[in-house]
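Chemist: take this sequence and fold it.
(one chain, ligands or ions: 2)
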Amino acid sequence: MRAAVLTAPGKLEIRELPLPRPERDELLVKLKACGICTLEQRLYRGAMQMPLPLVPGHEAAGEVVEVGPAVVGSYVPGTRVALDLVTRCGECYYCRIGKSNLCSNRFKPGQRVLGGFAEYLAVRPSQAYPLPPGLGFDEAAFTEPLSCCVHSLKKLKLAMTEDLLVVGAGVMGLLHLLVARCMGLRTTVSDPDPSRLEAARRLGADFAVDPAGSDLGAFALDITEGLGYSACVVTSPAPEAFASAAAALAKCARVNIFTSYESAMALPLDANEIHRRELTVTGTEGRLEEDFFQALRLLAFEKVDVRPLISARTSFSTIAAGFEEALSGRSYRVLLEHEAP
Ligand SMILES: [Zn+2]
Ligand SMILES: [Zn+2]
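Modeler: Ligands and ions are numbered 1, 2, ... in the order given. Now for the predicted structure:
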């Protein structure tokens, strides 16, 4: 089978690899679509280290082609599935207490990790979520990033009709917006890029604000009768992005740090403010199985339409160009389509 193998930072090779052999209790899945996520971009840029060579790709969907004899679920050849490819061990402390997103054995050498940029993958049935009829593989490839936004917004313990600020209108900011709309929130998206603000407006943002060219704090007070935002999620790693939001928060506001930072980043918040105004600052990393299941339902129930976020489609023969496009900063999500010519 064909696979795009990352052999060194910036170096992707299309190689012929042996077809994976599923264990008796596993499924063999023929992949159809896989997003090029920030994780893959970091591996490609060398900003994140994992043992190489490696087949990246963790936002994948495909079709079951073989069902091991010991599989107990109702999978049959032809079952279409979204895949959870950030493997968790199920046995460590965090997995046992229901926080598998923080699994101690994630990405450990010897684990099967990622692999979405290959034609076939053997997976445990728990990693395969059946798709409803009518949901395309391209949309299903968004289940994973969408599930991270579901997890993030749950952390904010939102009540209906709260005023939410989403900082950053990249693909993850816009996915947060789409989930927030399902939750009955009034959502402001902030980003300095006018074309991204325009995308946020098209996708239903109640307000879209440039925090560099205007006073976000004053805007927040204006639309919230002097209160400020009661909840905020930071999806942009730009240091000034968080700082701009800090001035726009209500008392008792909750802020979730969704983005990761490539180097240490001090909180741009006075500890006294956190104390006096009872602010809560949290973080989220990845998602749980339940979030994945619910993200897939948001797609299945047509509550969320991710298709406007597909910026480009690429194939094995053009995947290097696809990576460059994903890294360009111009695009939302670039998808690898495994069967494209
Ligand atoms: Zn991802
Ligand atoms: Zn674990």
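Chemist: report the contact partners of the closest residue to residue 27 other than its chain neighbours.
Modeler: Of all residues not flanking residue 27 in the chain, residue 64 sits nearest, at 5.1 Å (C-beta to C-beta, 6 or more residues apart in numbering). (C-beta placed from N, C-alpha, C; glycine too.) Contact analysis of residue 64 by C-beta atoms under 8 Å, 6 or more residues apart in numbering lists 27-30, 75-81, 128.
Chemist: just to be sure, residue 308 is in a helix?
Modeler: Yes: according to DSSP: H, G, I helix; E, B strand; the rest coil, residue 308 belongs to a helix.
Chemist: who's in contact with it?
Modeler: 199, 202-203.
Chemist: mind running it again at 7 Å?
Modeler: residue 203 (C-beta atoms under 7 Å, 6 or more residues apart in numbering).
Chemist: go on, residue 338?
Modeler: Residues near residue 338 by C-beta under 7 Å, 6+ apart: 31-32, 119.
Chemist: sec struct for the residue lying closest to it once chain neighbours are set aside, please.
Modeler: Take residue 338 and drop its neighbours on the chain: the residue closest to it by C-beta to C-beta, 6+ apart is residue 31, 4.9 Å away. Classification of residue 31 by three-state DSSP places it in strand.
Chemist: how about residue 31, what does it touch?
Modeler: 60, 62, 116, 118-121, 338.
Chemist: need those residues in a markdown table (columns: distance to ligand 2 and pLDDT).
Modeler: Conversion of the contacts of residue 31 to a markdown table gives the following (distance: C-beta to the ion, whole Å; pLDDT from 0 to 100):
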| residue | distance to ligand 2 | pLDDT |
| --- | --- | --- |
| 60 | 21 | 97 |
| 62 | 25 | 98 |
| 116 | 21 | 95 |
| 118 | 24 | 97 |
| 119 | 28 | 97 |
| 120 | 26 | 97 |
| 121 | 20 | 97 |
| 338 | 29 | 95 |
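Chemist: just the ones of the residues you listed in strands?
Modeler: In this view, the contacts of residue 31 that belong to strands under DSSP state E are 60, 62, 120-121.
Chemist: can you name the two of these that sit furthest apart?
Modeler: Maximum pairwise distance among these (C-beta to C-beta): 11.2 Å, between 60 and 120.
Chemist: what segments of the stretch 1-150 of the chain are helices?
Modeler: 38-45, 93-96, 137-140, 143-155 (DSSP state H, counting those that start in this stretch).
Chemist: show me this protein divided up by domain.
Modeler: Listed domain ranges for the chain are 2-142+306-337, 147-283 (source: automatic domain parsing).
Chemist: residue 164 against residue 177, yeah?
Modeler: No: Residue 164 is beyond contact range of residue 177, at 8.8 Å (criterion: C-beta atoms under 7 Å).
Chemist: neighbour count: those two, which is higher?
Modeler: Taking neighbours as other C-beta atoms under 10 Å, residue 164 and residue 177 compare with residue 177 leading, 27 against 23.
Chemist: got the contact list for the residue nearest to the spatial centre of the chain?
Modeler: Centrality entry for the chain: nearest residue to the mean C-alpha point is residue 145, 2.2 Å, by C-alpha atoms, centre = their mean. Listed by C-beta under 7 Å, 6+ apart, the contact set of residue 145 reads 35, 37, 59, 171-172, 175.
Chemist: please apply the same query to residue 12.
Modeler: Neighbouring residues of residue 12 by C-beta under 7 Å, 6+ apart: 4-6, 319-320, 323.
Chemist: next: residue 81.
Modeler: Residue 81 touches 29, 61-62, 64, 128-131, counting by C-beta under 7 Å, 6+ apart.
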